[in-house]
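> return a 3D structure for these sequence lines:
(chains A and B)
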Number of protein chains: 2
Amino acid sequence: MGDYQDPMVQLELGGGSNALPYPRTFDPTAHDLDASFRLTRFADLKGRACKVPKEVLEKLVSSLQHDYMQDPDQPYMSLASPRIGIGLDCSVIPLRHGGLCMVQTTDFFYPIVDDPYMMGKITCANVLSDLYAMGVTECDNMLMLLAVSTKMHEKERDVVIPLIMRGFKDSALQAGTSVTGGHSVVNPWCTIGGVATTICQQNEFIVPDNAVIGDVLVLTKALGTQVAVCAHQWLDQAERWNRIKLVVSEEDVRKAYHRAMDSMARLNRVAARLMHKYNAHGATDVTGFGLLGHAQTLASHQKNEVSFVIHNLPVIAKMSAVAKACGNMFQLLQGHSAETSGGLLICLPREQAAAYCKDIEKQEGYQAWIIGIVEKGSRTARIIDKPRVIEVPAKD
Amino acid sequence: MGDYQDPMVQLELGGGSNALPYPRTFDPTAHDLDASFRLTRFADLKGRACKVPKEVLEKLVSSLQHDYMQDPDQPYMSLASPRIGIGLDCSVIPLRHGGLCMVQTTDFFYPIVDDPYMMGKITCANVLSDLYAMGVTECDNMLMLLAVSTKMHEKERDVVIPLIMRGFKDSALQAGTSVTGGHSVVNPWCTIGGVATTICQQNEFIVPDNAVIGDVLVLTKALGTQVAVCAHQWLDQAERWNRIKLVVSEEDVRKAYHRAMDSMARLNRVAARLMHKYNAHGATDVTGFGLLGHAQTLASHQKNEVSFVIHNLPVIAKMSAVAKACGNMFQLLQGHSAETSGGLLICLPREQAAAYCKDIEKQEGYQAWIIGIVEKGSRTARIIDKPRVIEVPAKD
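As a prediction, this is how the structure comes out:
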């Protein structure tokens, strides 16, 4: 366990900042593991496939909604209760104490990158992202959920699990919070997740139901993380690689993978803070159900009769070409490709959106994009027929 | 999903009270499932076996402890940080608001009984039990964690998952709280768990570190839940059954199984409330590491130089005979048999303990037992050589 003090690991861990040293690849042999060790092989499903389908979940929980909805003493329940595993991003609970609310979320999933430290960071950023989507910028506590794979050798476990925990914890520290507890089990698939909780005043969060006609939609991270992660795994699989090697080079894939890791590990905290400054009318974060899936959920929760129309799709460089080469597999341009720890999708007043994007770029060095508009409609979301794909440069 | 309205199911669900209608067995065919359906077959490990061993966990998290311990600005961290997946039962976090604290816990595991509704109730009671062990009686919010087994057919899933959720939710309502969110994935093993959070004043919880020489140890539920659960499964397995049939009848096993389910589904809430009335010096709840494992952890956290000595073991009727017939398998009388949603183990002033036990029996109709003493020592716990086994009557 003293591995953390190993200079090699220290180098890999890099600084506490969002920016990572590149190029950076997890080298199993530096930890005395076999060169063929791949964290991602300790689970068989990733991304959207690991989620219970939205329709099924809706069916499963529908009978549980009813009771909450009718309770007039629970003003937030109509907001919170559709969120048993689906819906929007957090539960919001009024507390017994002085007008305070609890905003809380949980999330867990399977390894999608092979670097355990980065996997920990990504998991933490992904959990916190649900709070950030509500405009909450301060998290009061985190718990970590962990299942160690039954297939992991002791040696692998002793290397990998502390690195995951360290990544998770470092990300929490960077977010100004800490991890004070959690729970661990063994399970066939390695599983990582967390719980994030904030106690705040009502003005510290933004109920995501206030979009008005004329608003625009801003997205704060590029799409295509799952495509990049898969393409990177296919470097090891000749048959798969042959399908895409005409449209992309190995170098392209490695850069896209690093961009994806960097993006997934990045906190949406500044994006959340700026939601207040620029009077956002609501937001969600883009994760397992893809851009359109989450846009539809956000649209369905609006008070006003509005719909969302998406014109632009910012995508990690070359990943739309890879997705196209794979036929219907990802449905990236249809908005269904799963993202992990994706950006915030925010409804902003039209006159504020450009300033929002400029501000986030100034503070973080990352672009945000105006990707669509809010128009009159019946609370649905769609992507236009031939959306403009914005190629977002990959990491050098 | 309209199944909840089915009169058959309504009958099975029974009322909202802790007391269940008996005898009560989940009948898969009443839900159009195959008669051979067993929820417990959707995971291969139960009880202690599903936990990462305590020593391993201690090793894994030890490098993460250091940072917190040294932070003088975090007065509770020395309490909270040893609890990353091990240690005592909750995280305690001081908040930015008016002297309030957050007390929080999470837990998840695999099906141990075949009745999905009961499994939901047991899971919820088990999660809440960590709060109750801290003397916290009000839970402000719960989240539910759920993994649907990849091996479950659609039909099975549509019957079983809503029943689990309903059981979880009913238990939460009984505890005066509600389930406002959660997360679901698919996974080889069916997994169920939750998060429980309370925001409270500092006098609402009891830091479990104040045992003094002369205290006695009280236990609020009988041991042997895992033995009962296994014995019940062995009714279907001739070879296993042959090992124990000389010491126990089928009828005994069914009664013990019902007693175990009843016990695991019972909330430790009254036990927690009475901790305040009778000036408890600290408590823990008995779960996966068995009575002695949790007693040792509690002892190791004491401020005073004390040790715990356990003389009496209240055990569900006939289960100590079953455990003995199985050789070393359970280590029930050695204090290592895993319990699920077990009782509170409480350090009480000697002169208050009898009144505590009498009060809990009066309020709930369940016995509690004085099982040991606190003496001078080096913060360890042990069971005497030949402890007295108290046979706790099984359910008719």
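
> same for whichever strand or helix holds residue A:165, what does it pack against?
Secondary structure assigned from DSSP states H and E places residue A:165 in helix A:154-174. When contacts are defined as 3 or more C-beta pairs under 8 Å, 6 or more residues apart in numbering or on different chains; DSSP states H and E, helix A:154-174 packs onto helix A:7-13, helix A:116-133, strand A:141-149, strand A:179-187, strand A:191-200, helix B:54-69. Every residue, glycine included, has its C-beta placed from N, CA and C.

> could I get the full set of strands for the stretch 251-396 of chain A?
A:282-285, A:306-316, A:344-348, A:369-376, A:381-392 (DSSP state E, counting those that start in this stretch).

> quick one: strands adjacent to the shortest one?
This means strand A:282-285. Using DSSP bridges, strand A:282-285 pairs in its sheet with strand A:344-348 (antiparallel).

> ok, which of the strands of the stretch 251-396 of chain A comes nearest residue A:195?
Evaluated over the strands of the stretch 251-396 of chain A, closeness to residue A:195 peaks at strand A:282-285, with 16.0 Å, by C-beta to C-beta.

> pull that closest one out as PDB, backbone CA atoms only.
Taking C-alpha atoms only, strand A:282-285 is exported to PDB below (Å, rounded to 0.1, in the frame of the first residue of the first chain):
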ATOM      1  CA  GLY A 282     -32.400  25.000 -15.600                       C
ATOM      2  CA  ALA A 283     -29.900  22.300 -16.500                       C
ATOM      3  CA  THR A 284     -29.100  18.600 -16.500                       C
ATOM      4  CA  ASP A 285     -25.900  16.700 -16.900                       C
END
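
> now do the same contact list for the residue sitting nearest the centre point of chain A.
Centroid-nearest residue in chain A: residue A:341, 1.5 Å away (criterion: C-alpha atoms, centre = their mean). The contact partners of residue A:341, taken as C-beta atoms under 8 Å, 6 or more residues apart in numbering or on different chains, are A:122, A:125, A:126, A:129, A:225, A:263, A:264, A:265, A:266, A:285, A:287.

> now residue A:353
Residue A:353 touches A:216, A:218, A:278, A:370, counting by C-beta under 8 Å, 6+ apart.

> same question, residue A:286
Shown in contact with residue A:286 (C-beta under 8 Å, 6+ apart): A:219, A:221, A:223, A:294, A:339, A:342, A:343, A:344, A:345.

> ok, so what distance separates the closest residue to residue A:308 other than its chain neighbours from residue A:336?
What sits nearest to residue A:308 in space, not counting adjacent residues and going by C-beta to C-beta, 6 or more residues apart in numbering or on different chains, is residue A:381, at 4.0 Å. Using C-beta to C-beta, to the nearest Å, one gets 12 Å for the distance from residue A:381 to residue A:336.

> quick revisit: ok, so of the contacts of residue A:353, who is nearest residue B:232?
Nearest member of the contacts of residue A:353 to residue B:232, counting by C-beta to C-beta, is residue A:218, at 56.6 Å.

> for the closest one, give me phi and psi.
Residue A:218 adopts backbone torsions of phi -110, psi 140, taken as degrees, to the nearest 10.

> what number of residues lie near the nearest residue to it once chain neighbours are set aside?
With sequence-adjacent residues excluded and distances taken as C-beta to C-beta, 6+ apart, residue A:218 is closest to residue A:346, at 4.7 Å. Residue A:346: 32 surrounding residues under other C-beta atoms under 10 Å in any protein chain shown.

> which ones are touching residue A:346?
Contacts of residue A:346 (C-beta under 8 Å, 6+ apart): A:217, A:218, A:219, A:220, A:271, A:275, A:280, A:282, A:283, A:356.

> surely the second one touches residue A:370?
Yes - in this structure, residue A:218 sits in contact with residue A:370. The criterion is C-beta atoms under 8 Å, and the distance is 5.7 Å.

> okay, the two: which has more neighbours?
Counted by other C-beta under 10 Å, residue A:218 and residue A:370 do not tie: residue A:218 has more neighbours, with 28 against 18.

> what's near enough to touch the more buried one?
With C-beta under 8 Å, 6+ apart, residue A:218 has these contacts: A:344, A:345, A:346, A:348, A:353, A:356, A:357, A:368, A:369, A:370, A:371.

> sorry, back to before: could you redo the strands of the stretch 251-396 of chain A as TSV and give each row mean pLDDT?
Shown next, in TSV, are those (pLDDT from 0 to 100):
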stretch	mean pLDDT
strand A:282-285	96
strand A:306-316	98
strand A:344-348	98
strand A:369-376	98
strand A:381-392	97
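
> of those, which is nearest residue B:309?
Across the strands of the stretch 251-396 of chain A, residue B:309 has its closest neighbour in strand A:282-285 (52.8 Å, C-beta to C-beta).

> quickly list the domain ranges of chain A.
Annotated domains of chain A cover A:81-200, A:215-392 [the TED database].

> buried stuff in the helix holding residue A:165?
Using 16 or more other C-beta atoms under 10 Å in any protein chain shown as the test for burial, helix A:154-174 gives A:156-172, A:174.

> check stretch A:276-293 too.
Those would be A:278, A:280-293, for stretch A:276-293 by 16+ other C-beta under 10 Å.

> just give me how far that stretch sits from the chain centre.
Here the centre of mass of C-alpha atoms in stretch A:276-293, compared against the chain's by C-alpha atoms, centre = their mean, to the nearest Å, lies 11 Å away.

> equivalent analysis for stretch A:363-381, please.
17 Å.

> give me the distance between residue A:125 and residue A:171.
6 Å.

> intersection of neighbour lists for the two?
Common neighbours of residue A:125 and residue A:171 (C-beta under 8 Å, 6+ apart) are A:265, A:267.

> where does residue A:314 sit relative to residue A:227, distance-wise?
Distance, residue A:314 to residue A:227, by C-beta to C-beta: 13 Å.

> try residue A:143
If you go by C-beta to C-beta, the gap between residue A:143 and residue A:227 works out to 31 Å.

> those two: who's more crowded?
Neighbours were counted for residue A:143 and for residue A:227 using other C-beta under 10 Å; residue A:227 has more, 29 against 25.

> okay then, goodbye and thanks.
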